[in-house]
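**Q** Build the 3D model from these lines:
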Amino acid sequence: MASALRHFTLLALALSSSNVNAQAIVNNQFQVLGNSGVSAQQMFLSTNDTVVIIDKTEGNGNKLNIDGHPAWGTEYTLSSNTVRAMDVVSNTFCAGGSSLGDGTWLNIGGNQAVGPGGLPGSQYGDSDGGKAMRLFTPCDDGNCDWQSIGAMTTRRWYPTLETLEDGSIIIIGGCDWGGYVNDENQNNPTYEFYPSRGSVMGLNILTTTLPTNLYPLTWLLPSGRLFINSNLGNEIFDYKNAIEYPLPATPHAVRTYPASAATGMMPLTPANNYTATIWFCGGTDLQPDQWVLTYNIAGVAADNSCISITPDESGEWQDEDDLPEGRSMGSMINLPDGRFVILQGAGSGTAGYGNTTWAVGQSYAQSPVYAPLYLDPSQPAGSRIYRDGMGNSTVARMYHSTALLLPDGSVFLAGSNPNADFIANGTRGYRFPTEYRTEAFYPSYYNNTRPEPTGLPDQLAYGGRYFNITLPAEAISNSSVLADTKVRVLRSGFATHAINFGMRTVELDMTATYNSDGSATLYVSQVPSPTILAPGPAMLFVVVDGTPSIGHMIMVGNGVIGKQTQYPNVALPPNAGWGTFGSASPAIATSATPAASASASSVLRARRHIQF
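**A** Take a look at the predicted model:
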C-alpha cells in the first residue's frame, strides 16, 4: 500500500453541501446533493455516513486522480457530500459484489485493462479485472481502501453474488470478455464460492438461457435453496446437493440484464410466515432473434408488466398491477415502512452502449423515465402501484445508474454513463453524458416527526431471548398506535445494473406493553433463521404508524463467516396495557407458534411449500 499521503492527493471535493443545506427538503421530491467523484456504476452503504462507489476504468472528466492515474472508486460522505478517491487497481467494469458475514464486502470480476474509448490497453493504470477478487473492510476514519486478495480460476464479467446462510458468498455465471449479450463461445455457466470450496461447478440453467444469462437474478430463499431467473428460464437450485429444479418460464418479457427489470423480494414478516414473494416490474419483450446489434433496440418500447412468484410455495407466476409506463433499468428500492420505490430507467431500449447506427449517441436506450412510483405489497391488487403526490427527478438515470436506501430513510441515487468513456455534458452527438451528480429521493414519511426508540441492539442473533426497545410517550399518541408499530431489519444491498444484490426486508415478531406514563416497551424476537436473513451488516428501524426511526446500523449473526448458531426461541411476553396486538391473530403475533419458535427446517415444515 502507498503511504497515507496517497489519500490526500485525491481532490477531497467539498461538493456544494452548503447549497444542498440551503434547499428545503420536501416529502416525495428529489434533490441534487453533490458530486460522486466517479460515475457510480456500483455502490453500497459502508457505514451510517458513507457510501462506497465503484466505476469502470475510464478517464475522469473532473480529473479525480490517485497514485498518478484516474480514480474509478470513491468513498462518499453523506453528511458533507464530499468524496475521497480510492485505489481499486484492477478494472471493475461490470463486476459483482455482496456483503460477507463478517461485515466485509467482496467485489469480483470485471473487464480486461483498458485505455481511452474502452479499448484494450493500460493507459489508465489499471490491471485486468476478469479474475480479480477485491475485499473492503468498512471504517470510520477515512483510511480504509480496497485490497486485492488473489484471483479466481475463471474469468467473470457480469457475475451474480448472493450471500448464503453461513455468511459466505456464491458466485454465479458471467462471461469471459463481455459484449452486449452473452454467447456460447465465452459463456461461463459455472458457480463457485468465496471463501473457496474447491473448483468451479456447472450450472445447467446458464447453458440453456443464452444470450441474456448475464447477472442472473438470484435470491436465497427461506427454504435454504436459491431462486434463479435467467432470460426466460427459472429454477430452484439446491446448491448444497447441486440439484436444479426447473420452474415455468417467465411471462411477458425478459427481466434479466440487459432487459433489466426492477426486481425485489417483498418483506418477510410474521404475518406471511416469512414466505418469500419476488416481484419483477418492466424489462423488454425482445424476441430471441432480436438480441442482435442489427436490430433497432433503442426503438423498442420497454415492458410495463409486473409479475410475481413465491418459489417455496408454488412455481406459478402471478400477474400483478401494471406500471403506468414501460421501464427498463428501473431500480426497486426497499423502504422501512414496507413499501418500495421504483425509480430511474428508460421507456425505450435496454442497458448497453456501442457505436451502432441506431444508438442514441452510444446509448442503447432513450426516453428517460423521470417519474418514480411506490409499490405497496400490503394493498389490494389494483392499488399496489401509485405515484400520488410524487415529484419527478431532473436527472436522466440511464445505463450504469444505481440507487439504495440510506439510514435516514431517504434513497440515494447516483450514476449513469451509457458511453464507452467519460462524456462531458453538452458533447455534440451525445444526449446522455457521464453523470456525476448525486441525488436523494425523500419518501412521503421523511419530514414526519420520527420516533426515537432507545435500547436498540448492535447485534442480532438467530433465535434466543427477545430484546426490549423503549418508545417514549412522544412517539405514540395513544395505545392504539402500537397496533401499527413494526420493528424491521433492512439491507440495502450492493447496487449495480438495476440490481441490489442482497437487498432484503425482514420484520421481527414483537409484542408490547403500554406503560402508565404513555411510553411503550416493545419485546422483539431475534431473526428467525439465517436463511431468512443471511449474516452481515444491516439497518434496524422502528416504524410507528408508517413513520420510521433513523436506521441503526447492526450486525446480524455472530460476525464471522461460518455456521451460525440457531438458538431456541424464548416466548414473547403477552401484550399488556391495551387491546389485541394489531390485526394479527395471537397465533401469528407471538413467537410461540411453530413457524417462529424453531429452526429454519421447522419453519419450512410448518409452511405449505413446493415439493421436489
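
**Q** Which residues are in contact with the residue nearest in space to the middle of the chain?
**A** The centre of the chain sits closest to residue 500, judged by CA atoms, centre = their mean, with a distance of 2.0 Å. By CB atoms under 8 Å, 6 or more residues apart in numbering, the contact set of residue 500 is 264, 331-333, 403-404, 492-494. For the C-beta atoms, the positions are set from N, CA and C on the backbone; glycine is no exception.

**Q** can you give me the strands in the stretch 51-200 of the chain?
**A** With DSSP state E, counting those that start in this stretch as the criterion, the stretch 51-200 of the chain has strands at 65-66, 69-70, 73-77, 82-85, 96-99, 105-108, 132-136, 147-151, 160-163, 169-172, 190-194.

**Q** Quick one: distance of the fourth one to the chain centre.
**A** Put plainly, it is strand 82-85. 22 Å (CA atoms, centre = their mean, to the nearest Å).

**Q** any idea where the helices of the stretch 151-300 of the chain begin and end?
**A** Remark: helices assigned in the stretch 151-300 of the chain by DSSP state H, counting those that start in this stretch are 205-208.

**Q** where does the protein have low pLDDT?
**A** 1-22, 579-612 (pLDDT under 70).

**Q** and this structure, what are its domains?
**A** Domain segmentation of the chain under automatic domain parsing yields 4-442, 459-606.

**Q** want to throw those domains into CSV with distance to residue 451?
**A** Converted to CSV, the domains of the chain look like this (distance: least, CB to CB, whole Å):
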stretch, distance to residue 451
domain 4-442, 11
domain 459-606, 4
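
**Q** nearest to residue 450, of these?
**A** The closest of the domains of the chain to residue 450 is domain 459-606. By CB to CB, the value is 5.6 Å.

**Q** ok, the contacts of residue 500 vs residue 418, which is closest?
**A** Top of the list for closeness to residue 418, among the contacts of residue 500 and by CB to CB, is residue 331 at 15.5 Å.

**Q** Quick check: the gap between the closest one and residue 434.
**A** As for residue 331, its distance to residue 434 is 19 Å (criterion: CB to CB, to the nearest Å).

**Q** out of these two, which sits in the more crowded spot?
**A** residue 331 (29 against 25; other CB atoms under 10 Å).

**Q** which residues does the more buried one bridge with?
**A** residue 343 (DSSP bridges).

**Q** Make 12 the first number, not 1, from now on.
**A** Sure thing, new numbering starts at 12, so read that last one as residue 342.

**Q** Contact partners for it?
**A** Counting by CB under 8 Å, 6+ apart, residue 342 has contacts 273, 353-356, 412-414, 506, 509, 511.

**Q** do residue 373 as well
**A** Counting by CB under 8 Å, 6+ apart, residue 373 has contacts 364-366, 429-431, 434, 441.

**Q** hmm, try it at 7 Å
**A** Shown in contact with residue 373 (CB atoms under 7 Å, 6 or more residues apart in numbering): 364-366, 429-431.

**Q** Kindly provide the distance from the closest residue to residue 527 other than its chain neighbours to residue 365.
**A** Nearest residue to residue 527, sequence neighbours excluded (CB to CB, 6 or more residues apart in numbering): residue 588, at 7.8 Å. Look at residue 588 and residue 365: by CB to CB, they are 65 Å apart.

**Q** what about the two, which has more around it?
**A** The residue with more neighbours, out of residue 588 and residue 365, is residue 365; 16 against 13, by other CB under 10 Å.

**Q** excluding its backbone neighbours, what's nearest that one?
**A** Using CB to CB, 6+ apart and skipping residues adjacent in sequence, the residue nearest residue 365 is residue 373, 6.1 Å away.

**Q** Quick check: nearest residue in space to residue 426, chain neighbours excluded?
**A** residue 51 (3.5 Å).

**Q** Torsion angles phi and psi at the one you found?
**A** phi -90, psi 80 (degrees, to the nearest 10).

**Q** hang on, the earlier thing: okay, the contacts of residue 511 in JSON lines with distance to residue 281 next?
**A** JSON lines is the format used below for those (distance: CB to CB, whole Å):
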{"residue": "275", "distance to residue 281": "20"}
{"residue": "342", "distance to residue 281": "28"}
{"residue": "343", "distance to residue 281": "23"}
{"residue": "344", "distance to residue 281": "23"}
{"residue": "414", "distance to residue 281": "28"}
{"residue": "415", "distance to residue 281": "26"}
{"residue": "503", "distance to residue 281": "22"}
{"residue": "504", "distance to residue 281": "23"}
{"residue": "505", "distance to residue 281": "27"}
